[in-house]
Each structure stands twice: as structure tokens, then as C-alpha cells.
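*Asks:* Sharing a sequence plus its predicted fold:
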Amino acid sequence: MRLRVVAVGQRQPAWADAAWADFAKRFPPEWRFGLVEVKAEPRSGGRTPAQCMAAEAARLEAALAGSGTPWRRVVLDERGERIASAQLAERLRRWQADGRDVALLIGGPDGLDASIKARADETLRLSDLTLPHALARVLLAEALYRAWSIGAGLPYHRE
């Protein structure tokens with residue numbers, strides 16, 4: 001199974017890239033965990049947030065279409081379902097059993113276009129707090145690694 005985070009925004013601080021890389025290398029090769037970054041639409045030139053989100057949605061769709069495989073689409077949104085680490089571990093197990101690759105979608109500064117949300121198989125939230133995008137990526141990578149480690153019976157997670 002491929003497990004991909006597909007995120008709007010290409011330039012993250014060095015600390016975020018380093019933290020992402022640290023968690024990404026911990027996954028076993030069969031999970032094929034990775035990050036696909038798509039260009040954020042410039043917020044200048046009189047573009048409305050809706051226009052920016054629509055352009056970013058087209059880039060997200062192109063990133064998913066280029067793989068030639070059906071994706072389970074998991075949207076990250078502040079209004080998404082709140083789940084704990086053990087529940088995410090169970091979700092990972094179900095996703096793997098489903099047979100589809102999984103794409104976790106993170107929007108740009110204004111969020112995700114309604115067309116992306118409408119095509120989602122699931123909508124999850126990382127936090128009730130508003131997070132900067134760089135931190136959200138790192139938090140997601142850690143949460144996914146923690147969930148994987150629970151399923152693998154590793155002592156990383158303690159309750």
C-alpha cells in the first residue's frame with residue numbers, strides 16, 4: 001500500500017523538512033510512505049480565496065491522477081472527525097485491507113476547495129487548534145507513524 005500525504009505548498013522551513021524525513025524513514029518499505037507537494041496559488045493579483053482553492057484543487061487532482069491507481073482520499077480539515085491514536089491505528093489496518101492506496105490531502109492557506117472535500121472518502125482533523133502548515137505535516141507524519149507502531153506492536157506508543 002502506498003500512503004501519501006499530498007499537500008499544497010512547496011517551501012517548508014528546514015526544521016519541518018528534517019522532522020518529516022525523520023518520521024518518513026521509520027516506516028517499513030512496504031508502506032511506501034511519502035509526500036507529494038503541489039504549488040500553492042499566489043494570493044496576489046486580485047485572486048479570491050475561492051479562485052486560489054480551485055486552482056490548488058486542480059493541482060491536487062492532477063497529482064492523484066498521475067499515479068494511474070484509485071486512491072482512498074482522506075481530507076484533513078478542522079471540521080473533520082476527531083480520532084485518537086489507537087483509532088488511527090485501526091483505520092490504517094482497515095485501509096491496508098481495503099487494497100487501495102491512501103492519499104491524505106492538506107490544503108493551502110485557505111483550506112481545501114469544496115470539490116476536493118466532496119470527493120473525500122473520509123475527513124479527519126489533526127487538532128482543534130489552528131496549525132501552521134509545516135507543523136501540520138510533521139504532526140501528521142508522527143501520528144501516522146505512531147498508529148503504524150501500535151499496529152506493529154512496537155513500544156513507541158504508551159497508554
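*Replies:* Received, thanks. Source: prediction; values computed, not measured.
*Asks:* Identify, by residue count, the longest helix of the protein.
*Replies:* If you go by DSSP state H, the chain has its longest helix at helix 133-152.
*Asks:* Burial check on residue 91, number of neighbours?
*Replies:* For residue 91, the neighbour count with other C-beta atoms under 10 Å is 19. Just so you know, the C-beta spots here come from the backbone N, C-alpha and C atoms, and that holds for glycine as well.
*Asks:* Go through the host helix or strand of it and flag the buried ones.
*Replies:* Per DSSP states H and E: residue 91 is located in helix 85-98. Buried residues in helix 85-98, counted by 16 or more other C-beta atoms under 10 Å: 85, 88-89, 91-92, 95-96.
*Asks:* Return the closest of those with respect to residue 133.
*Replies:* Residue 133 lies nearest to residue 88 out of the buried residues of helix 85-98, by C-beta to C-beta, at 20.1 Å.
*Asks:* from memory that closest one sits against residue 144, does it?
*Replies:* Yes - contact status for residue 88 versus residue 144: in contact at 7.4 Å, counting by C-beta atoms under 8 Å.
*Asks:* who does the residue nearest the centre of the chain bridge with?
*Replies:* Central residue of the chain (C-alpha atoms, centre = their mean): residue 104, 3.2 Å from the mean position. Residue 104 has the following beta-bridge partners by DSSP bridges: residue 5, residue 74.
*Asks:* Could you pull up the residues touching residue 55?
*Replies:* By C-beta atoms under 8 Å, 6 or more residues apart in numbering, the contact set of residue 55 is residue 41.
*Asks:* wait, is it part of a strand?
*Replies:* No - counting by DSSP: H, G, I helix; E, B strand; the rest coil, residue 55 is not found in a strand; it is helix.
*Asks:* and the helix holding residue 91, what other elements does it pack with?
*Replies:* Helix 85-98 sits against helix 133-152, with contacts defined as 3 or more C-beta pairs under 8 Å, 6 or more residues apart in numbering; DSSP states H and E.
*Asks:* try it again with 10 Å
*Replies:* strand 3-8, strand 71-81, strand 101-106, strand 122-124, helix 133-152 (3 or more C-beta pairs under 10 Å, 6 or more residues apart in numbering; DSSP states H and E).
*Asks:* orientation of that helix relative to strand 101-106 in degrees?
*Replies:* In terms of direction (axes from the mean of the first three to the mean of the last three C-alpha atoms, to 10 degrees), helix 85-98 departs from strand 101-106 by 140 degrees.
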